[in-house]
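>>> Here's a sequence, model it:
(one chain, ligands or ions: 1)
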Amino acid sequence: MFELTKAQEERAMRLHNEAIVVDTHCDTLGHFLRQSWERRPPRKLGERSDQGHIDLPRLVEGGVTCQTFAMYTGNKAIVPEATLRALKMVDVFYSEIQANEGIVSVTTPSEIVAAKEEGKATGLLSMEGAEPLMGDIDLLRVFYKLGVRMLSFAWNYRTPFADGLNAKRAESKLPDLGVQALEEMGRFGMVFDVSHLSDSNFWDVTDLMKGPFIASHSNCRDVCDHPRNLTNDMIRALADHMGVMGMNFAPAFVAKENATVENVVDHIDHIVDLVGPDYVGLGSDFDGIGQTPVGLEDVSKMPNITRVLVKREYSDDDILNILGRNHMRVFKEVLR
Ligand SMILES: [Zn+2]
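Numbering: from 1, shown residues only. A predicted model of the protein is given here:
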């Protein structure tokens with residue numbers, strides 16, 4: 001697939017081991033819950049599986065320091081079932097992490113740094129789509145108290161907080177509730193995530209927000225034309241806010257066909273050319289995607305990203321920034 005010299009391979013491994021590697025999106029929590037329609041028992045964080053993409057043994061092998069675990073509830077209607085499912089995901093997030101020595105749950109960047117020093121992985125809890133909040137801002141406070149530190153207002157549908165991609169209305173503005181929630185998140189210290197947001201709501205958010213926000217799992221529309229990816233103007237606006245976008249490994253967002261790890265790095269190259277190396281990171285979408293690019297079959301293959309960055313002669317600093325320091329900068333700014 002790609003050939004490295006011995007010196008390049010050693011440099012890639014040294015950098016990958018030294019790095020705080022941050023992945024801002026996966027859908028693994030759902031796989032820890034028992035589904036009535038599934039014949040297989042749910043997966044366990046501590047047990048290496050030949051299914052899906054993330055468990056602790058593979059996180060360790062992939063050298064990931066901070067894995068964000070998203071609560072995705074996928075209900076089109078605003079119904080209590082979404083809240084119930086989110087609460088079960090909070091429970092399984094903590095119970096799976098507490099059952100394992102090698103990983104701790106975190107809510108601050110200093111806890112991530114401390115865990116790295118102890119050789120442990122970390123899990124950060126996020127919510128993908130505000131359906132579980134049931135249009136009630138009080139529940140935002142409740143989920144914050146439960147440890148949620150990253151939130152997107154909508155998946156592809158409309159919620160009382162925002163329009164998702166498939167629910168867009170021309171010139172639509174963020175609803176008052178979304179504006180209020182953004183202010184509240186700023187007060188608490190919670191990272192705002194624009195992935196899945198409609199384009200018009202994205203622009204409203206950039207007008208409203210002063211500080212950084214992230215696109216936890218979105219690529220470049222200029223490289224792969226998909227509505228889930230960001231346009232060049234959006235990438236510039238995100239960089240103006242000192243935000244970061246996490247590269248998504250879903251083949252449909254990476255390349256028109258036969259996506260590979262090198263195609264993922266093409267998106268990194270594009271962002272670096274456009275705005276510089278300080279605004280891009282990783283947001284795999286592992287366990288939320290069926291197919292994966294060649295060379296990124298599961299999280300244990302994460303070092304292949306570093307290998308391609310080395311092969312393309314990125315500097316040590318740029319590689320460490322892309323692997324996680326850029327996201328850590330946002331966490332330091334927002335989380336407290
Ligand atoms: Zn998603």
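>>> where do the helices sit along this protein?
6-18, 29-32, 56-61, 80-98, 109-117, 137-145, 176-188, 199-208, 232-240, 251-254, 261-275, 303-311, 316-320, 326-334 (DSSP state H).
>>> start to end distance for stretch 283-298?
One end of stretch 283-298 to the other measures 13 Å (Cα to Cα, to the nearest Å).
>>> Any buried residues in that stretch, and which?
By neighbour count on 16 or more other Cβ atoms under 10 Å, the buried set for stretch 283-298 is 283-289, 292-296, 298. All C-beta spots, glycine's among them, are computed from the backbone N, C-alpha and C.
>>> I'd like these as a markdown table, with distance to residue 273 and pLDDT appended.
Shown next, in a markdown table, are the buried residues of stretch 283-298 (distance: Cβ to Cβ, whole Å; pLDDT from 0 to 100):
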| residue | distance to residue 273 | pLDDT |
| --- | --- | --- |
| 283 | 20 | 98 |
| 284 | 22 | 98 |
| 285 | 23 | 98 |
| 286 | 26 | 98 |
| 287 | 31 | 97 |
| 288 | 28 | 96 |
| 289 | 26 | 96 |
| 292 | 25 | 98 |
| 293 | 21 | 98 |
| 294 | 24 | 98 |
| 295 | 22 | 98 |
| 296 | 22 | 98 |
| 298 | 29 | 98 |
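>>> Spit out the contact partners of the residue nearest to residue 51 when sequence neighbours are not counted.
Counting by Cβ to Cβ, 6 or more residues apart in numbering, residue 43 is the residue found nearest to residue 51 once chain neighbours are left out, at 6.4 Å. Shown in contact with residue 43 (Cβ atoms under 8 Å, 6 or more residues apart in numbering): 28, 31-32, 49, 51-52, 55.
>>> 10 Å instead, please
The contact partners of residue 43, taken as Cβ atoms under 10 Å, 6 or more residues apart in numbering, are 28, 30-33, 49, 51-52, 54-55, 96, 287.
>>> repeat for residue 263
219, 223-224, 249, 251, 254-257, 293-296, 308.
>>> coming back round to it: for the residue nearest to residue 51, give its distance to residue 324.
In this structure, residue 43 and residue 324 are separated by 25 Å, where distance is defined by Cβ to Cβ, to the nearest Å.
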